[in-house]
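1. Have a look at this prediction, sequence included:
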Amino acid sequence: MADSGSEEVVSNKQVILRDYVTGFPKETDMYITTTSIKLSVPEGSNGVLLKNLYLSCDPYMRTRMRYSEEPQFSPYTLGAPILGFGVSRVVDSRHPDYKKGDLVWGFTGWEEYTRLAAPQVLFKIPDTDVPLSYYTGILGMPGLTAYVGLHEVCSPKKGEYVYISAASGAVGQLVGQFAKSAGCYVVGSAGSKEKVDLLKNKFGFDEAFNYKEEKDLNATLKRYFPEGIDIYFENVGGKMLDAVLLNMRLHGRIAVCGMISQYNLEQPEGVTNLTHMIYKRVRMEAFVVTDYFPQYFKFVDAVLPDIKQGDITYVEDIAEGLESAPAALVGLFSGRNVGKQVVVVSRE
């Protein structure tokens, strides 16, 4: 229940979207402002007030930075805080499922404090023996994305050949490790030598390559997969997807998670090799992780023991302070981050 005696008013720093974005986003598309907020929830509401601790930078956010009338791409509101996933502490609550002091992760604002009138995507944090920032990544939306995309969409079998693009990111690094645990042969691509080394030496991929150094992606994939690809975890799209389609095996599966190469293009690239899906009986299925939120705690039960035992490795790229959030988000689209990009708002 709410603490009705708390009427304290505090400053509230926010990251605001200035204009809808065309092309690659820039830091100047956003700005920092400071308002004030009362540290209480109005009586008669069903809301919660959150103090945000960690914010998640995710590629999908770019799709909400452009204007669109299509409901599945609901744009951010100009002049209002950007929205995304984060880790927070409940400061005040009128909601029966949350009480003051609860640690939660879910949908929140890019600001120091967020008042949610009716929280819809807000999970209580089940375990604090791991870093809280993990709930922006391996134990949050990206972790669940990796798990269901591989296991629910692709159903890997021991001995199968798995390829992951954007493999060093928040999702890709986990898909590779989950696939290795399932007994698969795993190859990933990334955009720098440092990231390729991470894939092979830290995340346990069998092979990895820097796609920026490869002039012919079809030839590259044939070199790493002479017998073809059983499972492709799609994070990139465009030319990469076209090359993969030439190298899929009979009854191969493609999980379409994202297409980061297309998000900043005014005219998305076409895909020309789709006919290969017919004769090879390839199944390509897109998915959205929110459809799988009811499975979240089952996912946590499956992966938390492996995290605590060190059987799953996770790399974060930490940006300190809300002021650093615009640069951190923009950096995703030039590959500046190494691992999961997290913004620390407050370490309390």
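-> Received, thanks.
2. mind checking which helix or strand V90 is in?
-> Per DSSP states H and E: V90 is located in strand 83-93.
3. For P119, which non-adjacent residue is closest in space?
-> Nearest in space to P119, with sequence neighbours left out and distances taken as Cβ to Cβ, 6 or more residues apart in numbering, is V48 at 5.5 Å. C-beta: built from backbone N, CA, C; applies to glycine.
4. Check which element follows the strand holding V90 along the chain.
-> Downstream of strand 83-93, the first helix or strand assigned by DSSP H and E is strand 103-109.
5. quick check: mean pLDDT across the very next helix or strand once past that next one?
-> Per DSSP H and E, the first helix or strand lying C-terminal to strand 103-109 is strand 113-116. Per-region confidence: strand 113-116 scores 96 on mean pLDDT.
6. again with stretch 294-310
-> 96.
7. How about stretch 212-226?
-> Looking at stretch 212-226 alone, the average pLDDT works out to 97.
8. Could you work out the end-to-end span of that stretch for me?
-> Stretch 212-226 has an end-to-end distance of 21 Å (criterion: Cα to Cα, to the nearest Å).
9. and it, how far from the chain's centre?
-> Its chain's C-alpha centre and that of stretch 212-226 lie 26 Å apart, by Cα atoms, centre = their mean, to the nearest Å.
10. try stretch 210-220
-> For stretch 210-220, the separation from the chain centroid amounts to 25 Å (computed by Cα atoms, centre = their mean).
11. Quick check: buried residues in it?
-> By 16 or more other Cβ atoms under 10 Å, the buried positions in stretch 210-220 come out as N210, Y211, L217, N218, T220.
12. List of residues touching it?
-> For stretch 210-220, the surrounding residues in contact (Cβ atoms under 8 Å, 6 or more residues apart in numbering) are 165, 189-193, 195-196, 209, 239-240, 242-243, 246-247.
13. Try it again at 10 Å.
-> The contact list for stretch 210-220, computed with Cβ atoms under 10 Å, 6 or more residues apart in numbering, reads 165-167, 187-197, 209, 221-223, 236, 239-247, 273, 335.
14. just checking, which of those belong to strands?
-> Of the contacts of stretch 210-220, the ones assigned to strands by DSSP state E are V187, G188, S189, A190, F209.
15. Dump stretch 121-136 to CSV, restricted to CA.
-> C-alpha atoms of stretch 121-136 as CSV (Å, rounded to 0.1, in the frame of the first residue of the first chain):
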residue,chain,number,x,y,z
VAL,A,121,5.0,-5.2,-17.9
LEU,A,122,6.6,-5.2,-14.5
PHE,A,123,8.2,-8.3,-13.0
LYS,A,124,9.3,-8.7,-9.4
ILE,A,125,13.0,-9.5,-9.3
PRO,A,126,13.2,-13.1,-8.1
ASP,A,127,16.9,-13.3,-7.0
THR,A,128,19.4,-10.6,-5.8
ASP,A,129,22.4,-12.8,-5.5
VAL,A,130,23.4,-11.7,-9.1
PRO,A,131,24.1,-8.2,-10.3
LEU,A,132,20.8,-6.2,-10.6
SER,A,133,21.9,-5.0,-14.0
TYR,A,134,21.5,-8.6,-15.2
TYR,A,135,17.8,-7.9,-15.2
THR,A,136,18.3,-5.5,-18.1
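16. Who are the contact partners of the residue nearest to P119?
-> The contact partners of V48, by Cβ under 10 Å, 6+ apart, come to 2, 41, 88, 90-95, 97-100, 102, 104, 114-119, 122.
17. How about V162?
-> Contact analysis of V162 by Cβ under 10 Å, 6+ apart lists 150, 154, 156, 175-176, 178-180, 182, 184-188, 205-206, 225, 229-233, 253.
18. so it bridges to which residues?
-> Beta-bridge pairing for V162 (DSSP bridges): V186, I231.
19. Quick check, pLDDT for it.
-> 98.
20. measure it to I32 for me?
-> When distance is defined by Cβ to Cβ, to the nearest Å, V162 is 41 Å away from I32.
21. so G237 touches L245, yeah?
-> No: using Cβ atoms under 10 Å, G237 makes no contact with L245, being 11.6 Å away.
22. Out of the buried residues of stretch 210-220, the closest to G140 would be?
-> Set against G140, the nearest of the buried residues of stretch 210-220 by Cβ to Cβ is Y211 (26.8 Å).
23. Ramachandran coordinates for that closest one?
-> Main-chain dihedrals, Y211, degrees, to the nearest 10: phi -60, psi -20.
24. quick one: contacts for T272?
-> T272 makes contact with K239, L241, D242, L245, L246, according to Cβ under 10 Å, 6+ apart.
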